[in-house]
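**Student:** got a structure for you, letters missing:
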């Protein structure tokens, strides 16, 4: 796995590094940036998977095309930026099976896309609510509101942490067989905060 999430002043690199190692993957802790060096790493070590922002994956692929270099990456777990349908289609056209993760520095992975590609399955380690922004009042399932998450991790608990992101609870279970709640994914911000380089 070529892990391009930062390991510096953010836990993103470590969150994905730990997950990859837990399933037996060797991890290249590349961090973000340095496109030319990243292409050298890809050419030499031939990783088959990528973790990082979808934007940076596109930058790497475009740079590889321009330099007529082959890219060995066939799978990706992306987070930290919007992954619109147009970019998803581009990844598929380039032979990369890319899945979205919804994560925060405070909580780790909150929800993830499954092979069904029908919303995002909520991580079983958290409780998620969708509330009316600014009030904390729950909205009916299916209605768009602000994501509020509770984590019962005894070492790092969060009770009703408002993330500022908008989403909605989806009805039913995922066609992939996962039975936990699902959200529609990231649908914008409840405030004027802007993400830059996934933060």
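**Tutor:** Sure thing, it's come through. Model, not experiment: these values are computed from the prediction.
**Student:** so what secondary structure elements neighbour the longest strand anywhere in the chain?
**Tutor:** When the chain is scanned for its longest strand (criterion: DSSP state E), the result is strand 158-167. With contacts defined as 3 or more C-beta pairs under 8 Å, 6 or more residues apart in numbering; DSSP states H and E, strand 158-167 has these neighbours: strand 126-131, strand 145-151. To be clear about C-beta, it is placed using only N, CA and C from the backbone, and glycine gets the same treatment.
**Student:** what angle do that strand and strand 126-131 make?
**Tutor:** Going by axes from the mean of the first three to the mean of the last three C-alpha atoms, to 10 degrees, strand 158-167 is angled at 60 degrees with respect to strand 126-131.
**Student:** Could you give me the buried positions within strand 158-167?
**Tutor:** Buried positions in strand 158-167, judged by neighbour count with 16 or more other C-beta atoms under 10 Å: 161, 162, 163, 164, 165, 166, 167.
**Student:** The fourth one is in contact with residue 191, isn't it?
**Tutor:** Yes: distance between residue 164 and residue 191: 5.2 Å, which falls inside the contact criterion (C-beta atoms under 8 Å).
**Student:** where along the protein do the helices fall?
**Tutor:** Along the chain, the stretches classed as helices by DSSP state H are 12-22, 35-45, 54-66, 85-93.
**Student:** what angle sits between the third one and helix 35-45?
**Tutor:** Calculated by the same axes, to 10 degrees, helix 54-66 forms an angle of 70 degrees with helix 35-45.
**Student:** For helix 54-66, what does the pLDDT average out to?
**Tutor:** Averaged across helix 54-66, the pLDDT comes to 97.
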